[in-house]
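J.: this one's structure only:
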Ligand code: FSX
Ligand code: SF4
Ligand code: F3S
C-alpha cells in the first residue's frame, strides 16, 4: 500500500515554505494544549506521520456543529480539511453522493481498518429499530457500528453525539442517545458543545494523528486541556459577579454596562468549556460576550433545564447573590478600599458555596 503523505509533504506539495510549516506546527502545538517543550516532537511527527484518515458521519442533529467547524479561524477549516487530514467520507462536506459514495466508505473502512479516526456528529436514534435516522438506506445505528468497528479512535463532536442533545430532550420521541454505548468499547473523546468550538476538534484530531493516542481526558471523556475550567472561571464578567453587580433584566442599566448575567440564568458556574478563552471566529466573541447568559450547551441534558433565563435552581441559595449585591452597593458607597475587602470576603464565601454545590462528580 502506498504510504500516505505526511503533513510536511502536504505542505511541500501545496508550495508552502518550511517557515509556513513550522508556523503551522507552533499553532498546532498550542492548539493541542502542549507546552513549547513539545514543539520538536510535534515537528518530528508532522514530518513523518501519515495524514490521518478521517471518516465523518452525522446522525440526529441540526448541522450546527459543522456550521461551527467550517468557520474555524485558526487554523482555517479549509486548511484542516485539505492539508491536515485525509478526509475520505463526510456526509456534509463531501461532493460525492449515492452508491459510489457509500462504496467508497466501505473501501475506506476496509483499507484503513484499525487506523482511521471516526468523527461522529449527532445522536443515535434507537426507537423502532432506528428508523428515524437513516443514511445510505441503512439506519444510523448500523452505519455507526460498522464504522466504529475499524476505527482507531472515535470523536463525539457535539453534545448530541456525546450525550444525546436536543433529540434526547424529554419526551425523547425517537429514543435518542449519545454514541458511547454503540461503539463497542472503542476509545471515545467527547467534544461537547451545541455547537462545540471548532479549534477543539482540530486539536483533538491532530493529537490522535500525531501521537497515536487520545489526549488526556477527564471523568466524562472530555479533553482536559479544553474542558478543565468552568465558563465562570474564565469569564471576563467575573469581576462583576465578585462585586455583586448583576443585570436584573436583559435591558436594564446593568445589562447595558456588561454586568454579570448570573441572575438571568447564566449556567457558567456549572459548565465546563473553553468559550471564554478560545471564543469563536478567531476569538471574536461567545454567548456571554454578546449579552446572552451561558445556557450550559456542553452539559448533558441541558435542553431539559430550560427555560434558560431562570436562575440556576441549585444555586438559588446564592439568593445570597442578592445579599452580595446589597452589600456591595453599600461598600461602593463607602469607597474603593471597602469595596475590595468586601469582594474578597464574598468571593471566598461564594467559592466555598460553588465548590460544595458543584455536582460534577469531583473529576475536576
Ligand atoms: Fe447537536 Fe451538531 Fe447542537 Fe446541532 O452536529 S450539538 S443540535 S449545534 O449540529 O449535533
Ligand atoms: Fe460570567 Fe455567568 Fe459567571 Fe456571571 S455567572 S461571571 S456572566 S459565567
Ligand atoms: Fe455553550 Fe455556554 Fe459556551 S452556552 S457556547 S458553553 S458560553
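T.: Received it, and whenever you're ready, just let me know what you need. The model shown is predicted, which means the values in this text are computed figures rather than measured ones. Residues are numbered from 1 along each chain as shown. Ligands and ions are numbered 1, 2, ... in the order given.
J.: the helices in the stretch 251-364 of the chain, which residues?
T.: In the stretch 251-364 of the chain, the helices defined using DSSP state H, counting those that start in this stretch lie at 253-256, 275-278, 320-334, 336-357.
J.: worst mean pLDDT among those helices?
T.: Among the helices of the stretch 251-364 of the chain, helix 336-357 carries the lowest mean pLDDT, a mean of 40.
J.: quick one, phi/psi of residue 201?
T.: phi -60, psi -50 (degrees, to the nearest 10).
J.: and the gap between it and ligand 3?
T.: Here the criterion is C-beta to the nearest ligand atom, to the nearest Å. By it, residue 201 lies 14 Å from ligand 3. Backbone N, C-alpha and C define where each C-beta goes, glycine included.
J.: what do you get for residue 195?
T.: Residue 195 is 8 Å from ligand 3, by C-beta to the nearest ligand atom.
J.: OK, contacts around that residue?
T.: Listed by C-beta atoms under 8 Å, 6 or more residues apart in numbering, the contact set of residue 195 reads 64-65, 67-69, 158, 297.
J.: swap in residue 249?
T.: With C-beta under 8 Å, 6+ apart, residue 249 has these contacts: 255, 264.
J.: so which residue is smack in the middle of this structure?
T.: residue 196 (3.5 Å; C-alpha atoms, centre = their mean).
J.: so that one makes contact with residue 157?
T.: Yes: between residue 196 and residue 157 a contact is recorded at 6.1 Å, counting by C-beta atoms under 8 Å.
J.: give me the common contacts of these two.
T.: With C-beta under 8 Å, 6+ apart as the test, residue 196 and residue 157 both reach residue 65.
J.: which stretches of the chain have low pLDDT?
T.: 1-2, 313-364 (pLDDT under 70).
J.: ok, which residues in it are in contact with ligand 2?
T.: Applying C-beta under 6 Å from any ligand atom, we find that the chain lies next to ligand 2 at 231-232, 235, 237-238, 241, 260-262, 266, 268-269, 288, 294.
J.: let's see that with 8 Å instead.
T.: On the criterion C-beta under 8 Å from any ligand atom, ligand 2 has as its neighbours in the chain the residues 230-232, 235-238, 240-241, 246, 260-262, 266-269, 271, 276, 288, 293-294.
J.: ok, back up a step: now the residue nearest to the centre of the chain: closest residue in space that isn't a chain neighbour?
T.: residue 158 (5.6 Å; C-beta to C-beta, 6 or more residues apart in numbering).
J.: residues near the one you found, how many?
T.: Residues contacting residue 158 under the criterion other C-beta atoms under 10 Å number 35.
J.: mind listing the helices for the stretch 1-150 of the chain?
T.: Under DSSP H, counting those that start in this stretch, the stretch 1-150 of the chain gives helices at 7-13, 18-31, 39-48, 64-69, 77-79, 98-111, 140-149.
J.: quick one: list the elements packing against the third one.
T.: Spelled out, that is helix 39-48. Applying 3 or more C-beta pairs under 8 Å, 6 or more residues apart in numbering; DSSP states H and E, we find helix 39-48 packed against helix 7-13, helix 18-31, helix 198-211.
J.: can you list those helices in TSV and add mean neighbour count?
T.: Shown next, in TSV, are the helices and strands packed on helix 39-48 (neighbours: other C-beta atoms under 10 Å):
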stretch	mean neighbour count
helix 7-13	19
helix 18-31	17
helix 198-211	25
